[in-house]
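Enquirer: For reference, the sequence and a predicted model appear below.
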Amino acid sequence: MTTTTRQTPEQLVAGLDVARFFSYFVPGLKLNGQLNAKCECPFCHGADKSFSLDQERGLFFCHRCNAKGSAWGFLKAQGYGVIQIESTLADYQTAGPIFTPATKTKTAPPGPIIATYDYHDEAGVLL
Ligand SMILES: [Zn+2]
């Protein structure tokens, strides 16, 4: 008989790529290679950059609405269920370079052109 042990919240966030995770969920967050980044809070939407992220400890804190916690707590506060939180954090555990700037799309950079095609409209005109 095998028993599957579920990871605790602490284990789930232990190997988390914090920069990548928060860059994705808090689009306004500009890390710029700094350990502590600030931006508008995604919870209270205070325009005074009240939301701060301590990348070293992986904790966020809002000086306005006092929202705080780890990545786990962040998803919980966003209304995620436990199963959703576990799968989401597992997705972000693959750590890349810490200070990679957030990219807006997940598309890979274009590769070399391997073939070109001519496209014609209904009238046969080359597009
Ligand atoms: Zn706030």
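Expert: That came through fine. Numbering: from 1, shown residues only.

Enquirer: Name whatever forms a beta bridge with the spatially closest residue to Cys41 that is not a sequence neighbour.
Expert: The shortest distance from Cys41 to any non-neighbouring residue, by Cβ to Cβ, 6 or more residues apart in numbering, is to Phe51 (3.8 Å). (Each C-beta comes from the backbone N, C-alpha and C, glycine too.) Note on Phe51: beta-bridge partners by DSSP bridges are Cys39, Cys62.

Enquirer: Can you tell me the SS state at the residue with the largest distance to the centre of the chain?
Expert: Largest separation from the mean C-alpha position in the chain: Ala123, at 46.2 Å (Cα atoms, centre = their mean). With DSSP: H, G, I helix; E, B strand; the rest coil as the basis, Ala123 sits in coil.

Enquirer: distance of it from Glu86?
Expert: Separation of Ala123 from Glu86 (Cβ to Cβ, to the nearest Å): 55 Å.

Enquirer: max-length helix in this protein?
Expert: Longest helix in the chain by number of residues (criterion: DSSP state H): helix 82-91.

Enquirer: Averaged pLDDT, that helix. What do you get?
Expert: If you average the pLDDT over helix 82-91, you get 90.

Enquirer: Same question for stretch 112-127.
Expert: Stretch 112-127 comes out with an average pLDDT of 81.

Enquirer: Could you give the number of residues near the closest residue to Leu12 other than its chain neighbours?
Expert: Ranked by Cβ to Cβ, 6+ apart and with sequence neighbours excluded, the top spatial neighbour of Leu12 is Leu89, at 4.4 Å. Residues contacting Leu89 under the criterion other Cβ atoms under 10 Å number 24.

Enquirer: gap between Leu89 and Thr8?
Expert: 11 Å.

Enquirer: swap in Tyr92?
Expert: For Tyr92 relative to Thr8 (Cβ to Cβ), the value is 16 Å.
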